[in-house]
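>>> For reference, the sequence and a predicted model appear below.
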Amino acid sequence: MIELTKENFDAEVKVDGVVLVDFWSENCGRCIELMPEVMELAEKYGNEIKFCKLNIQGNRRLAMAQKVMGLPSFVFYKNGEKVEHLSGEELEMEDVASTVESFIAETA
């Protein structure tokens, strides 16, 4: 997974194809809980979708600019445009995985 900052966000996210950005924080217990499963998804589908993560600590303005108001948040970009936003404490990894799989099916 690519670690994003305000310096490389546009270069990594505003690209052709699908990019998943995991907005997280070390203060977010649910984010930490989901991280190993997100890494597994990245290993499984990394050839088809670009996986990135952004620690909102030190990047709050960037998160707010992307309308990320709660954690955990998974934002999907397609060809540089925000197309899907999954968020909330109740968010299950199955929801994220099925969204990833639907984007892959779209491009197949």
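Nice, thanks for sending it over.

>>> So in terms of bridging, what pairs with the closest residue in space to Lys50 that isn't next to it in sequence?
Excluding its sequence neighbours, the residue lying closest to Lys50 (Cβ to Cβ, 6 or more residues apart in numbering) is Val19, at 4.4 Å. Placement of C-beta: from N, CA and C, glycine included. Beta-bridge partners for Val19, by DSSP bridges, are Lys50, Tyr77.

>>> so Val19 touches Lys53, yeah?
No. Assessed by Cβ atoms under 8 Å, Val19 is found out of contact with Lys53, at 11.3 Å.

>>> Compare those two and say which is more crowded by neighbours.
Set side by side, Val19 and Lys53 show more neighbours around Val19, with 24 against 19, by other Cβ atoms under 10 Å.

>>> so what's the more buried one up against?
Applying Cβ atoms under 8 Å, 6 or more residues apart in numbering, we find Val19 in contact with Glu12, Val13, Ile49, Lys50, Phe51, Cys52, Phe76, Tyr77, Lys78.

>>> Quick one: list the elements packing against the top helix by length along the chain.
When the chain is parsed with DSSP state H, its longest helix is helix 29-45. For helix 29-45, the contact count by 3 or more Cβ pairs under 8 Å, 6 or more residues apart in numbering; DSSP states H and E identifies strand 18-24, strand 50-55, helix 93-107 as packing neighbours.
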